[in-house]
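>>> Mind looking at a prediction? Sequence and model below.
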Amino acid sequence: MKRKKLYLMLLALIATFIVGFSFANYKKNITIKNYTTVIRPAQISPDYSRTVIPPNIAPLNFVVLETGTKYMVKIYSSTKKTIEVYSRTGVIKIPRRRWQKLLNDNRGQKLSTDIYVKNKSGTWKRYETISNTIAKENIDDYLVYRFIKPIFSKWKNVAIYQRNLSNFDRKEILHGKNFGGSCINCHSFVQNSPDRMTIGMRSPVYGSATLLGVDGKVSKVGAKWGYTAWHPSGKIAVYSINKTRQFFHTAGMSNRDVVDLDSALCYYHVDKQDVKSHPNIAEKDRLETYPTWSPDGKYLYFCSAPILWEDRDQIPPDNFDQVKYDLRRISYDLEMDEWGKSETVLSAKETNLSILMPRISPDGRFLIFCMCRYGCFPVYQPSSDLYLMDLQTGQYRKLDINSEYAESWHSWSSNSRWIAFSSKRRGGLFTRTYFSYVDEAGNVHKPFILPQKDPQIYDSMLQTYSVPELITGPVRYNSKDLIRAARSSEKIEVEIPLTGATPKTEGMEPWQQVRE
Amino acid sequence: VFFAGFYLFVLWVVEPSLVYHSFGTTLPYPVFYGGWEFLKGFLVYPGGPVEYGGAFLSQWYYYSWLGALIFTAIVWGICRGFGCYMSGAGIGRAGFISFLPGVALMMMQSRYINPLCFSLALLACLWASVMYVKIAPGNQTRRAGIFVLIFAGLYHIAGGAVVLYTVLAVLNELWNRRSEITGMIFLIAGVFVVWFWSTNIANMFWANAIPDESLLEDYGFLARVKWQLVASLPLLPLAPKIEMVSRIIAQGLYVFIAMAVGAGYLWQWLRQRRDSTAKGRKKGTYKKVSHRPGQGILATAVLIVLLVIGGYGALDSGKKKLYQTDYFVGRGKWDKVLDLSMEFSPGEYNIFVNHNTNLALFNTGQLGDRMFEYPQKLTSLLLVHTKNMTDKDVFLKRERLFKIFLKREKLFLELGSINIAERHCYEILETTGDNPFIIEQLAVINLAKGQIETARVYLNRLRKNLIYGGHAREFLRQIDEDPTLTGNDRIQRLRSIMLTNDTTRLSFDVERRLNSLLERNRHNRMAFEYMMAYYLLTLQVDKLAANIERLDNFGYTRLPRHYEEALILYMGPEGKTIDFPEQWKPSAEAWAQAKKFDAIYTKYEHDPQLAMEALAEEFGQSFYFYKVFLKSGMKK
């Protein structure tokens, strides 16, 4: 009997606690009747204002930076349903399901956000409405990116993740710690599809190789691929081999720099399991890199620069800051496996800048590329900006979305309406992923940062988001298969058909290729 | 009394703050942040909760008194748990024996390792064992159920330490309960739980659950269990990362506890047999043990003596002195650094001590006068690339390389080469985790460069650190008030000396680097004195002479001793003329000393060893001696 009473009392205590806790945290339905109006929008972080957002994006949680004791936010569009969020701290976390319904029901409409802040004296202030536009077109559901600290020569925590863009789920695809503290990079997909992919690996234990995911099976190719571009057919993958070296600046904002002492393009035939090259994409006196295919698979675009140094071992080489890449293209016949003559699309002589990382929209209409003062690695160049070329007219222009810091590593969504890109706009060091809407006329709208469940996460995040690639679904290959392949002694042996000026990547010190 | 003595020994002899200041260099930095997100990562793998607790408690080693208190409390809990287990398991009062784990743990702490994870795991294990013997019912099946439940919980909390719990439970079954079958069932159940975890539960959280590299499915059954118990957990004494002596002590402690319990059961069994055969005595009743007066005092005295002998016997005094000198450097107690430098034996005096000594000499304005009073090696300046360092000991251990990075980072920052300092910071951050000191340095570097937004990211991160959070908040407040930080002397000083002209090839050219710093700011005294030290150590007296006139920029009132000696060597016996102002010319006394040195050396020239011995007493601290014999610090 005594014990029974004790249990009952304990139960009552727990119930009281639960009820009390729930009551204390219950968000009452506040109706704000009296308020003063502030003739400016409230300051919020991240900046989600005057932008175009995908209808399938995760809630754009934010923090109200105005001082206050209570906060209320109303989010609404043309349908009458309003999402109201209350907060005591200014951190606004939007309920996901209601948010998704609101966006989905209002495609192509304005999305308005009213922010009310209560000050210490008990008066509510209402700030000017923040407006965004909900696009009609979805963004691809997943983003694959590399998540690392700003590393130099040592690496310990290099991982590739995929993020579901309609919520906040993040999943590890591959972590370097799982196979001897390796560096992993250069993930690449066939036309935004998660079915066929490659990941480069450099491991002190398991060597340098490329993990190749084809038809649900992962295999290891015994050569490290650099920047990779899959032919739209998925039958061949063109990749660069780079004699990359890292060096350092003694002063100035940017500390690291990278130079390709030599580079060339090769291509791997998936069915034949062999590697080939062609003199027109591997010229001995030029540096070829950053391949990308036109969506019809008839042209390979790439960047090419003359080698300006005699000594191909000196780091950095003479004139490293004079090297500027042209944008070129070359025709290719897949059936005949024949390459045409390469032609210059845009020359560095014309732009006086180095043209890098060309990526063509899947509809074949636009080409976005980076241009920076010199060199081959725009993410280390604060001068790097994004440019858009209309492939119908050949006209190009600098995009308004650029900042004073480096913009780079852009990728298109499968419907050609969105781009994801890396930007260091928040201070110049940490790359974050941004998205921009590209309308049919080629206007690129104000970017917004990858939304996070905790909107303050970027304020103290020491890692960088690198090489953001949009894909239409989750990666088909799980970590275990990738790790198993990485650790395996079984590999597809390939002979790189290049000698002389353009070296093989094998045998290099792995640290010399560390890049963000 | 024992624990009061224990506390005072840890506080005064070991000094936990020295352990804290070795985190991130010779010991891994126990990263800890508040909040659910951080905690979550520790909850998904066995041993994670203990690691989390260890990381949290390690932060307080920053304050020696608190660190000592925490460690003493844990050790008290272990001793008490051991005692409770002995009595709860029917062995009898442990008394004296129950304090012996405390002596072992003191010995571990005296080795300057971080014993908190290990101690917490042991604490959890012993109290889980106490819980088991207290609540274990008579029914075998229910007892097995209770065992498995506690095993599973303990395994998740304390990881590999569960082995000891299993051993104690099995001993209890064999000796106390006399049930060999249940004992075997316990063993099998334990192995099964670990296997089940590794094949099922671990897979659910696979992405983050395994703290190290693994692909468990590729292992066989027993290998998987072993891996789960040993390789994945830094808590078990078998873990290879623990320093050897500490590892032996930890292993010994596990064995001791198991053997003490086993011996206790054996003793009880023998007594029971004797008593059962004794006439007129009821089965199962024991003769009450009477304690003689003063026995307790004697036991305490013995324990204290054991504690002191064990603590001092295991004390790694070389490591302690090394940590002390680092600690004093960190706090700018330069006189103490110099005093301590004299206490190192030749075997203990390495390039890190040398480096600290030179820093102390510079900061007390004595580098040009007294540097050859101490053993000197060029590598100790840490200006040359690590590849050029020939000292074997530098490369023997991986952590020493990080220590070089850490020291170079500080040196280059103070010299004004802040991009190089920044680079070293990133290397350390990547390899040793979120070391708060490095995060603070990165914030300072970015503030000096005017990259306020980047600095904010570092400061916001640092704000979450229990110890350095205050520094971060103060910086953030300053930035909010004045983003240019004109009132911050340190930042302003760095801005005044930091390189502004980018030269990519300067990185490892010592002379060019120091010269470029002096070109940037001719009043950069540290760059000047380190350059002169570099010339002295590389015997480049001509270059030293060429830079003598820079002394005008630093307010010197006289020519420092070693510069004077170098100038005399440069001028030679024939007195090569130098076009200096009179005040920078060697004095007549200096010339007289040089002649004396020369005379003695000439006398013993045929036998360098004899010459060295003859000169050591009077000239063992001079540049002449170093120049001839490449040795210094002879008086020491």
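Looks like it arrived, so ask away. Everything numeric in this text was worked out from a predicted model, so none of it was measured.

>>> A:Gln162 is in what secondary structure piece?
Element membership for A:Gln162, per DSSP states H and E: strand A:159-164.

>>> Each with direction, which strands does that strand pair with?
strand A:142-148 (antiparallel), strand A:170-175 (antiparallel) (DSSP bridges).

>>> And these: which comes nearest B:Thr503?
strand A:142-148 (27.8 Å; CB to CB). C-betas here are computed from N, CA, C, even on glycine.

>>> And the contacts of that closest one?
Contacts with strand A:142-148, where a contact means CB atoms under 8 Å, 6 or more residues apart in numbering or on different chains, come from A:155, A:157-165, A:173, A:184-185, A:187, A:189, A:194, A:420, A:433, A:450, A:463-475, A:516.

>>> and the one helix or strand A:Met389 maps to, what does it pack onto?
Here A:Met389 sits within strand A:385-390, counting by DSSP H and E. With contacts defined as 3 or more CB pairs under 8 Å, 6 or more residues apart in numbering or on different chains; DSSP states H and E, strand A:385-390 has these neighbours: strand A:366-372, strand A:396-398, strand A:407-412.

>>> Give the rounded mean pLDDT of whatever helix or strand comes next after the last one.
Right, the one you point to is strand A:407-412. Going down the chain from strand A:407-412, the next helix or strand is strand A:418-423, by DSSP H and E. Average pLDDT, strand A:418-423: 98.

>>> Determine whether any part of strand A:418-423 lies close to chain B.
No: Strand A:418-423 stays out of contact with chain B when judged by CB under 8 Å from any CB of the partner chain, the minimum separation being 12.6 Å.

>>> quick one: the following helix or strand past that strand near chain B?
Downstream of strand A:418-423, the first helix or strand assigned by DSSP H and E is strand A:432-437. No: using CB under 8 Å from any CB, strand A:432-437 stays clear of chain B, coming no nearer than 10.6 Å.

>>> what's downstream of strand A:432-437, the next helix or strand?
Assignment by DSSP H and E places the next element after strand A:432-437 at strand A:448-449.

>>> I'd like to know which elements that following strand is packed against.
strand A:432-437.

>>> Could you list every helix and strand in contact with the strand it packs on?
Counting by 3+ CB pairs under 8 Å, 6+ apart, strand A:432-437 packs on strand A:52-53, strand A:418-423, strand A:448-449, strand A:464-471.

>>> returning to that earlier point: now the angle from the strand holding A:Gln162 to strand A:432-437?
Strand A:159-164 and strand A:432-437 are oriented at 40 degrees to each other (axes from the mean of the first three to the mean of the last three CA atoms, to 10 degrees).

>>> Now residue 462: which helix or strand?
If you meant another chain, say so; for now it's chain A. Here A:Leu462 is assigned to no helix or strand, by DSSP H and E.

>>> meant chain B, my bad for not saying
Using DSSP H and E, B:Leu462 falls in helix B:452-463.

>>> Relative to the whole chain's centre, how far out is that helix?
How far helix B:452-463 lies from its chain's middle: 26 Å, per CA atoms, centre = their mean, to the nearest Å.

>>> Pull it out as CSV, backbone CA atoms only.
Output of helix B:452-463 as CSV, limited to C-alpha atoms (Å, rounded to 0.1, in the frame of the first residue of the first chain):
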residue,chain,number,x,y,z
ILE,B,452,36.0,41.4,-39.1
GLU,B,453,33.3,39.0,-40.3
THR,B,454,35.6,36.1,-40.4
ALA,B,455,36.9,37.0,-36.9
ARG,B,456,33.4,37.0,-35.7
VAL,B,457,32.9,33.4,-36.8
TYR,B,458,35.9,32.4,-34.8
LEU,B,459,34.8,34.5,-31.8
ASN,B,460,31.3,33.1,-31.9
ARG,B,461,32.8,29.6,-31.9
LEU,B,462,35.1,30.5,-29.0
ARG,B,463,32.2,32.0,-27.1
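
>>> Out of the strands paired with strand A:159-164, which one sits most buried?
Ranked by mean neighbour count, the strands paired with strand A:159-164 are led by strand A:142-148 with a mean of 24 (mean count of other CB atoms under 10 Å in any protein chain shown).
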